[in-house]
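Engineer: Fold the following.
(one chain, ligands or ions: 2)
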Amino acid sequence: MKTVKIIVAGPRGRMGKEAVKMIQETEEFELVSVLDHKNDGKLLSEIPGFSNINVPIYTNIEECLQKSHADVLVDLTTPETGYLHTKTAILNGVRPVVGTTGFTKEQLEELSDLAEEKQIGCIIAPNFAIGAVLMMKFSQMAAKFFPDVEIIELHHDQKLDAPSGTAVKTAQMISESREKKEQGHPNEKETLNGARGANMDGMHIHSVRLPGLIAHQQVLFGADGQSLTIRHDSYNRASFMSGVKVSINTVLNIATLVYGLENILD
Ligand SMILES: NC(=O)C1=CN([C@@H]2O[C@H](COP(=O)(O)OP(=O)(O)OC[C@H]3O[C@@H](n4cnc5c(N)ncnc54)[C@H](O)[C@@H]3O)[C@@H](O)[C@H]2O)C=CC1
Ligand SMILES: O=C(O)C1=N[C@H](C(=O)O)C[C@H](O)C1
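Structural biologist: Numbers count the residues shown, from 1 in each chain. Ligands and ions are numbered 1, 2, ... in the order given. The predicted model follows:
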């Protein structure tokens, strides 16, 4: 069995910590270094909460990629950093597995073109939880029969991007099966800005941010005399790790960019 050598970017973050733990617990994975924006030159074991993990911390991605000889970079940072890391990894022949959300459509297209040109695998998944992927797929199926839909996503109040990457992906997937329409009354007017949420392809997305929440989404469909609600809840960040694992194993065997876990699950 060949060991997969992995770099984690954002190791001190909520998701990064969980990814480091999962990699340490997986026999065929080896954490070779981490990328952070501080603590350059230290060992991860010097950082509270990471005792015994003697891998170097880099703050410069080029240096990190050149010295680590990694197969995969797992990025769990912020939109700007995640984009830069993904691009640099592809250019250096290291395969990115990206959970970071908030990339623009143009950035995704550019990264996809770059992966194609370099013939290198890259997986960007707005949600690694299998249940969330099913929620998106079921919503796509339902929208064919129930074109009247609104999306409500609910997250912890430390989240930087809104709407969530999952909500955007859900709307994109629904758009593929839903007849085009603007949700709500044609003459509706907001008397308070933002009352109807964000509008994507005529669908409204509402973002809730509260302490105590982790990651939740409901997709509400309405029709004459009935409604259908499809809801997913992540109660902890371990819920995302099986998807990260599948992505690491899959990215080694593909030569393009895949956007969304649904495209690699059988
Ligand atoms: N795809 C998925 O299933 C999931 C994706 N996410 C996404 O993952 C990202 C991280 O989420 P959280 O862990 O909750 O955030 P967080 O704020 O806890 O962690 C982000 C980490 O990135 C680090 N960071 C910032 N700039 C950096 C740089 N230049 N170089 C290296 N590290 C840097 C920060 O120090 C921090 O430790 C977000 O974009 C979030 O939306 C979160 C949960 C699940
Ligand atoms: O920031 C988070 O926490 C999450 N971000 C992802 C998103 O934007 O969809 C995935 C999950 O919802 C948790």
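
Engineer: near ligand 2, which residues of this protein?
Structural biologist: Proximity of the chain to ligand 2, by C-beta under 6 Å from any ligand atom, involves residues 101, 126-127, 155, 159, 164-166, 215. The way it works is simple: take the backbone N, C-alpha and C, and place the C-beta from them, glycine included.

Engineer: Apply 5 Å and report the result again.
Structural biologist: Proximity of the chain to ligand 2 (C-beta under 5 Å from any ligand atom) is limited to residues 101, 126-127, 159, 164-166, 215.

Engineer: Turn those into a markdown table, including distance to ligand 1, neighbour count and secondary structure.
Structural biologist: Below are the residues of the chain next to ligand 2 laid out as a markdown table (distance: C-beta to the nearest ligand atom, whole Å; neighbours: other C-beta atoms under 10 Å; DSSP: H, G, I helix; E, B strand; the rest coil):
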| residue | distance to ligand 1 | neighbour count | secondary structure |
| --- | --- | --- | --- |
| 101 | 4 | 23 | coil |
| 126 | 5 | 24 | coil |
| 127 | 4 | 28 | coil |
| 159 | 6 | 16 | coil |
| 164 | 7 | 23 | coil |
| 165 | 6 | 20 | helix |
| 166 | 8 | 25 | helix |
| 215 | 6 | 22 | strand |
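
Engineer: Is there proximity between the helix or strand harbouring residue 246 and ligand 1?
Structural biologist: Using DSSP states H and E, the secondary-structure element containing residue 246 is helix 241-251. No. Using C-beta under 5 Å from any ligand atom as the criterion, no contacts between helix 241-251 and ligand 1 are found, and the smallest distance is 6.4 Å.

Engineer: So that it lines up with my notes, have the first residue be 39 from now on.
Structural biologist: All set: I'll call the first residue 39, so the last point we hit is now helix 279-289.

Engineer: Can you give the contact residues for that helix?
Structural biologist: Outside helix 279-289, the residues that touch it by C-beta atoms under 8 Å, 6 or more residues apart in numbering are 42, 44, 56-57, 60, 64, 67, 110, 112, 133-135, 137, 159-161, 163, 165-168, 171, 296, 299, 302-303.

Engineer: doesn't residue 302 make contact with residue 168?
Structural biologist: No. With contact defined as C-beta atoms under 8 Å, residue 168 and residue 302 do not form a contacting pair (11.5 Å).

Engineer: Quick check: which element contains residue 179?
Structural biologist: With DSSP H and E as the test, residue 179 turns up in helix 168-181.

Engineer: quick one, what contacts the residue of the chain found nearest ligand 1?
Structural biologist: When distances are taken as C-beta to the nearest ligand atom, the chain approaches ligand 1 most closely through residue 51, which lies 2.1 Å from it. With C-beta under 8 Å, 6+ apart as the criterion, the residues that contact residue 51 are 114-115.

Engineer: what are the phi and psi angles of it?
Structural biologist: Dihedral angles phi and psi of residue 51 (degrees, to the nearest 10) take the values phi -80, psi 170.

Engineer: Would you mind measuring from it to residue 42?
Structural biologist: Noted for residue 51: a distance of 21 Å to residue 42, by C-beta to C-beta, to the nearest Å.

Engineer: returning to that earlier point: in strands, which of the contacts of helix 279-289 appear?
Structural biologist: In this view, these that belong to strands under DSSP state E are 42, 44, 67, 110, 112, 133-135, 160-161, 296.

Engineer: now these as CSV including pLDDT, neighbour count and distance to residue 267?
Structural biologist: CSV is the format used below for those (pLDDT from 0 to 100; neighbours: other C-beta atoms under 10 Å; distance: C-beta to C-beta, whole Å):
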residue, pLDDT, neighbour count, distance to residue 267
42, 98, 19, 39
44, 98, 27, 38
67, 98, 21, 37
110, 98, 25, 37
112, 99, 33, 33
133, 98, 26, 37
134, 98, 28, 34
135, 98, 30, 31
160, 98, 29, 34
161, 98, 29, 29
296, 98, 19, 29
